[in-house]
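>>> Fold the following.
(4 chains)
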There are 2 protein chains.
Amino acid sequence: MSLRNAVMAALLDGESSGYDLAKAFDASVANFWICTPQQLYRELDRMEADGLIVARTVEQERRPNKRLFSLTELGREELTGFTAGPHKPTAIRDELLVAVLAADSGDIEGVLASIRERKQWAEAKVARYERLRAKLLDGRSEEDFLATAERVGPYLTLLRGLSFERDNVRWCARSLTVLERRGARLDAPG
Amino acid sequence: MSLRNAVMAALLDGESSGYDLAKAFDASVANFWICTPQQLYRELDRMEADGLIVARTVEQERRPNKRLFSLTELGREELTGFTAGPHKPTAIRDELLVAVLAADSGDIEGVLASIRERKQWAEAKVARYERLRAKLLDGRSEEDFLATAERVGPYLTLLRGLSFERDNVRWCARSLTVLERRGARLDAPG
DNA sequence: CCGACCTAGTCAACAAGTTGAGTATGTGAG
DNA sequence: CTCACATACTCAACTTGTTGACTAGGTCGG
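Numbering: from 1, shown residues only, chains lettered A, B, ... in the order given. Coordinates of the predicted model:
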C-alpha cells in the first residue's frame, strides 16, 4: 500500500503522466522506493478506480496520447492520513549482504568483484545525489533553503538517500580490506 | 530467490529447525533480511523438494517433534554459485521516508511522532547490535578476531546493520530539528 | 535509409511477501 | 488455578513485486 502513497507524494509537485512518474521515480523517489513501470501503471489504474487521482487525456500530434494524473481531494486526504502514521520499521534486504554472509565458504573472488562493483555504483549514486542537492539548494545555503523553501520533505529524503550511499561506500571499502587480506591468507597460509 | 540463499547461509552454522531459524533470522540475519515464519516454512519445504536441504525428524518427549534441516552438497554448491554473483542493487524502501516526503502538506505532528519513535527503535537496535558484536568478538580485539575467526561474513554483515541503524539515528535527529523548527515557524509566522 | 533510442504505454504469468487464524502441548509467575 | 508465554508448526487467502514480450509512432546519427 505504500507505493500508492509514494505516487501521491510525487503528485504533490503537480500533474504528471505515468511515463514521467516512472522517470521521476528513477530520479528522486528512488532514493527510498523503487518500482517498475508496469507496477506504476497498474497502481495508477487502481488509484483512479479508487478516486484518489483523476486522469486528463492530452492528445499529442507527433507522439502517442498521454494521460496526465493529478491528486483529487480524496487522494490528498488519504495521503495526509498516511503521514499521520504508524509506519512499519524497515530493514536493508540486500542480496549482496547475503553473499557476504556466505562468503567464507563461497566464491570469495566473486564476492570481492561484487563488492567492488557495488562500491562504484554507490559512488555514482552519491555523485548524482550531490548534483540533485546542489540543484535543490540553487545557490542558497542549506540554512537559507530550509528557512525559505515551500517543501523540505524532498530535501530530507534526499539527505537520507545520500547518507545511505555514503555508508555503502564506506562499508564496501572496509569489507574489501578485510576479505582481501583473508583471501591472501588463505592463498598462502603461514 | 534470495530468501533461499539467506536460509542456506544461516544453515552454514549447522543444522537447525524451522523454528530456530525463524529466531535466528530475527536475531542476526534480520540485519539485512526479514521474513515471517510462514515464509520460512514454505521456503524450507520447497528447498527440501529441490534437494538443497535434508530434514531429520527428532522425536521429543514433552515437546512437539521437530525437523532439523541441514545443507546438502547440492545446497552448498548452489550457495557458492549464488555468492559468485551478480547481485541486484538495493534501495531503502521505507514507509517513513514516504511520509517525510509528503510531510509538508500532511500531518506534521504525526510525522514528528513517527520519527521520534523510529529514532528510539533504531537506538535500541544499535544497542542490540553492539551486544552481538561484543559477543562475536568474545574479548578479542577486532584485529585479532579478523585474523583468527573461521568466518568473517557474519561480522561484516553485522557491521553493515550497525552502521545503517546509526545512520538512521543521525538522520532522525536531523529531520526532527528541521521539521520542529518548521512547525514552529508555521504556528507563529513572522 | 537503417538501426538505435525516445515517448507512452499494455498484457499476461509468475514469484515473493503479508495477514490472520488454528493446532497441540509444556512451563513458570502470580 | 489460570493466564501468559514458549515450542513447533500448518493452512488459506490475499497483495505486491518481477519478468518478458508487444504496440506504434518519432527522432537522430552515420
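
>>> Pop the domain breakdown of chain A in here.
Structural domains annotated on chain A: A:2-83, A:95-187, as defined by automatic domain parsing.

>>> I'd like to know the average pLDDT value across the shortest one.
The reference is to domain A:2-83. The average pLDDT for domain A:2-83 rounds to 88.

>>> so what's residue A:106 up against?
The neighbourhood of residue A:106, defined by C-beta atoms under 8 Å, 6 or more residues apart in numbering or on different chains, consists of A:99, B:79-80, B:82-84. For every residue, glycine as well, the C-beta is placed using N, CA and C.

>>> related to what we said a few turns ago, which among the domains of chain A is found nearest to residue B:67?
Nearest of the domains of chain A to residue B:67, taken as C-beta to C-beta: domain A:95-187 at 22.4 Å.

>>> and that closest one, how far from the chain's centre?
A distance of 13 Å separates the C-alpha centroid of domain A:95-187 from that of its chain, computed with C-alpha atoms, centre = their mean, to the nearest Å.

>>> now swap in stretch A:10-24 and tell me
Computed by C-alpha atoms, centre = their mean, the separation of stretch A:10-24 from the middle of its chain amounts to 15 Å.

>>> What residues of that stretch count as buried?
Within stretch A:10-24, the residues scored as buried using 16 or more other C-beta atoms under 10 Å in any protein chain shown are A:10-12, A:15-18, A:21-22, A:24.

>>> And for residue A:62, the neighbour number?
Applying the criterion other C-beta atoms under 10 Å in any protein chain shown, we find 4 residues in the vicinity of residue A:62.

>>> and residue A:170, how many neighbours?
Going by other C-beta under 10 Å, the residues that sit close to residue A:170 add up to 15.

>>> So for the one helix or strand it maps to, mean pLDDT?
Assignment of secondary structure by DSSP states H and E places residue A:170 within helix A:153-187. Average pLDDT, helix A:153-187: 91.

>>> So which other helices or strands are in contact with that helix?
With contacts defined as 3 or more C-beta pairs under 8 Å, 6 or more residues apart in numbering or on different chains; DSSP states H and E, the secondary structure elements packing on helix A:153-187 are helix A:108-137, helix B:95-101, helix B:142-148, helix B:153-187.

>>> let's go with 10 Å and repeat that
Counting by 3 or more C-beta pairs under 10 Å, 6 or more residues apart in numbering or on different chains; DSSP states H and E, the packing neighbours recorded for helix A:153-187 are helix A:2-11, helix A:95-101, helix A:108-137, helix A:142-148, helix B:95-101, helix B:142-148, helix B:153-187.

>>> Same list (the ones you listed) but as JSON lines, adding distance to DNA strand C.
Supplementary listing: the helices and strands packed on helix A:153-187 in JSON lines, determined by distance: least, C-beta to the nearest atom of the strand, whole Å:
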{"stretch": "helix A:2-11", "distance to DNA strand C": "10"}
{"stretch": "helix A:95-101", "distance to DNA strand C": "10"}
{"stretch": "helix A:108-137", "distance to DNA strand C": "16"}
{"stretch": "helix A:142-148", "distance to DNA strand C": "29"}
{"stretch": "helix B:95-101", "distance to DNA strand C": "11"}
{"stretch": "helix B:142-148", "distance to DNA strand C": "30"}
{"stretch": "helix B:153-187", "distance to DNA strand C": "17"}
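
>>> Thanks a lot, catch you later.
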